[in-house]
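[1] Fold the following for me, if possible:
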Amino acid sequence: MKRKPHSWIKPPGPIAPGLKIGLLGGSFNPAHAGHTHISDVAIKRLGLDYVWWLVAPQNPLKPTQGMAPLPRRLEFAAEETFGHPRIEVMDIEHALGTRYTIDTLVKLKRRFPGVHFVWLMGSDNLDQFRRWKRWQDIVKTVPIAVVTRPGSVMAMLRAKPAIRFCRGRSCDYRGLPMANPPAIAVLDGPRNPLSSTEIRTHCAESEIFVQVLPA
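    Numbers count the residues shown, from 1 in each chain. This is a model prediction of the structure:
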């Protein structure tokens, strides 16, 4: 009998064919209310069952200096989402042995073939999305939901991925998880201004920040 790909990797939470799960990847250095806001907007607008926070061992586009250890970032992400019934924090990329988003998506779809995955991102990340490895393949692999963030709405409209795949934009938000990619939906609404960079900048001298970052 042929073994399922990566069958040794246990699901981080409830899993079943047909579930709609959002994937929010990043360094989470540290996790904050802005990440939770993106997740909550996607859950409400897309009708998602769960959102998985994929805490990356190391973001290839970010320097290692100032990056808290993975266990610490996972700990803070777990604290940020404590009691949230639909957000699961994980380091599944570490288990999969992947570094790039496209590789993670391919392996997740192979491991959980009956799940409808949606990639989530803030609009402030869309402009640099073209720097991601094989970003065109990411767009063709899973539907994408972009949640608007303060100060990045116009930049989002000028971003190369948005221009190239403008025909893939979807107004049927509830149908996005089941859509055949490329399918991109822009989710607008109340905007949370928090960012990890601002938190690190403004809290560099605080006791909390010292606990997050390595010496």
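
[2] Check the model's average confidence along the helix of greatest length in the chain for me.
    Scanning the chain for the helix with the most residues, using DSSP state H, yields helix 33-46. Averaged over helix 33-46, pLDDT sits at 94.

[3] ok, which stretches of the chain are strands?
    Ranges of strands within the chain are 20-26, 50-55, 87-90, 116-122, 144-147, 184-187, based on DSSP state E.

[4] among these, which is the most enclosed?
    Ranked by mean neighbour count under mean count of other CB atoms under 10 Å, the strands of the chain are led by strand 144-147, which reaches a mean of 27. For every residue, glycine as well, the C-beta is placed using N, CA and C.

[5] just checking, what packs against that strand?
    When contacts are defined as 3 or more CB pairs under 8 Å, 6 or more residues apart in numbering; DSSP states H and E, strand 144-147 packs onto helix 33-46, strand 116-122, helix 123-126, strand 184-187.

[6] With residue 142 as the reference, measure out to residue 25.
    12 Å (CB to CB, to the nearest Å).

[7] Quick check: neighbours shared by these two?
    Residues touching both residue 25 and residue 142 (CB atoms under 8 Å, 6 or more residues apart in numbering) are residue 119.

[8] What number of residues are in the vicinity of residue 71?
    A total of 10 residues lie near residue 71 under the criterion other CB atoms under 10 Å.

[9] Next one, pLDDT for it please.
    93.

[10] ditto for the one 10 residues further on
    Taken from the predicted model, the pLDDT recorded for residue 81 is 95.

[11] again with residue 75
    In this model, residue 75 carries a pLDDT of 95.

[12] Give me the neighbour count for it.
    Using other CB under 10 Å, residue 75 has 18 neighbouring residues.

[13] Distance-wise, check it relative to residue 91.
    Distance, residue 75 to residue 91, by CB to CB: 11 Å.

[14] Likewise for residue 19?
    Residue 19 is 21 Å from residue 91, by CB to CB.

[15] Same question for residue 173.
    Distance from residue 173 to residue 91, counting by CB to CB: 29 Å.

[16] repeat for residue 18
    Residue 18 is 26 Å from residue 91, by CB to CB.

[17] what's the answer for residue 15, then?
    Residue 15 is 17 Å from residue 91, where distance means CB to CB.

[18] Same drill for those two, tell me which one is more crowded.
    More neighbours surround residue 91 than the other of residue 15 and residue 91, with 18 against 15 (other CB under 10 Å).

[19] Hmm, that one is touching residue 74, no?
    Yes: judged on CB atoms under 8 Å, residue 91 makes contact with residue 74 at a distance of 5.9 Å.

[20] isn't residue 33 right next to residue 80, touching?
    Yes: counting by CB under 8 Å, residue 80 is a contact partner of residue 33 at 7.4 Å.

[21] More neighbours: which of those two?
    Set side by side, residue 33 and residue 80 show unequal neighbour counts under other CB under 10 Å, the larger going to residue 80 at 19 against 13.

[22] show me the contacts for the residue lying closest to that one once chain neighbours are set aside.
    Once flanking residues are discounted, residue 80 sits nearest to residue 31: 4.3 Å by CB to CB, 6 or more residues apart in numbering. Residues in contact with residue 31 (CB under 8 Å, 6+ apart) are 53, 55, 73, 76, 77, 79, 80, 81, 89, 196.
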